[in-house]
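Engineer: Would you be able to build a 3D model of this:
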Amino acid sequence: MWVFTQHGFFSAVELKEEPTKLMVRSRSHEDIMKLKQRFPHLTVFETPYNDYRWRVIMLKKTWGRYLAEQAEAIDYPNFKNRVTQNQGRWRHDVYSDVWTVLWKAFRPKPKIQNEQRKDRFKSWREPEPEPFIDSHVGDEDGDLWTDVHEVDGVHWSGPPLT
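Structural biologist: Residues are numbered from 1 along each chain as shown. Next up, the predicted model:
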């Protein structure tokens, strides 16, 4: 579970050896220390060669209590602005990048709601993305690939996948 709060970013996973506990991980020492400040009994582990350098082990119900507290503490109309206040502009920009990636992945697509509208818009289709052509990519003769291919919504210019 990924959790973005006004105080930090965490990743929580079940502790395999003890299913009543979680390992809560963070990439930021400051974030994990804020969690420890709330639960002083936690021991912070540093794992400098892992993707999440800072870790604590806690009961699932304690983590659940923390999440409930975070939800009840929401007193702002805009999350990213609150992040700027509490964690600075840099963190705001990082969270905004995550927001943008998720928005692009899940942005609304036009919906056709009934058969009549389907007939009315029979010729309509979503515009094709502009092809990306890399001037350094081509076949053995140096000719550029201009064919644009799509698989599961991913477009590319070049030879088709075999």
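Engineer: what about the longest helix in this structure?
Structural biologist: In the chain, with assignment by DSSP state H, the single longest helix is helix 89-106.
Engineer: In stretch 85-97, which residues are buried?
Structural biologist: Buried residues in stretch 85-97, defined by neighbour count with 16 or more other Cβ atoms under 10 Å: 87, 91, 92, 95. To be clear about C-beta, it is placed using only N, CA and C from the backbone, and glycine gets the same treatment.
Engineer: ok so, going back, mind checking the pLDDT average for the longest helix of the chain?
Structural biologist: Helix 89-106 carries an average pLDDT of 92.
Engineer: What lies in contact with it?
Structural biologist: Residues outside helix 89-106 that contact it (Cβ atoms under 8 Å, 6 or more residues apart in numbering) are 4, 9, 79, 80, 81, 83, 84.
Engineer: Which of those has the largest number of neighbours?
Structural biologist: Across those, neighbour numbers were computed from other Cβ atoms under 10 Å; residue 83 holds the maximum, 24 neighbours.
Engineer: so how far does stretch 25-43 reach from one end to the other?
Structural biologist: For stretch 25-43, the first-to-last residue distance is 12 Å (Cα to Cα, to the nearest Å).
Engineer: got the buried residues for that stretch?
Structural biologist: For stretch 25-43, the buried set under the neighbour-count rule, 16+ other Cβ under 10 Å, comprises 25, 26, 28, 31, 32, 34, 35, 42.
Engineer: before we move on, back to that, kindly export the longest helix of the chain (C-alpha atoms) in CSV.
Structural biologist: Presented in CSV, the C-alpha positions along helix 89-106 are these (Å, rounded to 0.1, in the frame of the first residue of the first chain):
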residue,chain,number,x,y,z
ARG,A,89,7.9,23.1,-2.7
TRP,A,90,10.2,20.3,-3.7
ARG,A,91,7.9,17.6,-2.2
HIS,A,92,4.9,19.4,-3.7
ASP,A,93,6.6,19.1,-7.1
VAL,A,94,7.3,15.4,-6.6
TYR,A,95,3.7,14.6,-5.6
SER,A,96,2.5,16.7,-8.6
ASP,A,97,4.6,14.5,-10.9
VAL,A,98,2.9,11.4,-9.4
TRP,A,99,-0.5,13.1,-9.8
THR,A,100,0.3,13.8,-13.4
VAL,A,101,1.3,10.3,-14.2
LEU,A,102,-1.9,8.9,-12.6
TRP,A,103,-4.0,11.5,-14.4
LYS,A,104,-2.6,10.5,-17.7
ALA,A,105,-3.2,6.8,-17.0
PHE,A,106,-6.8,7.2,-15.8
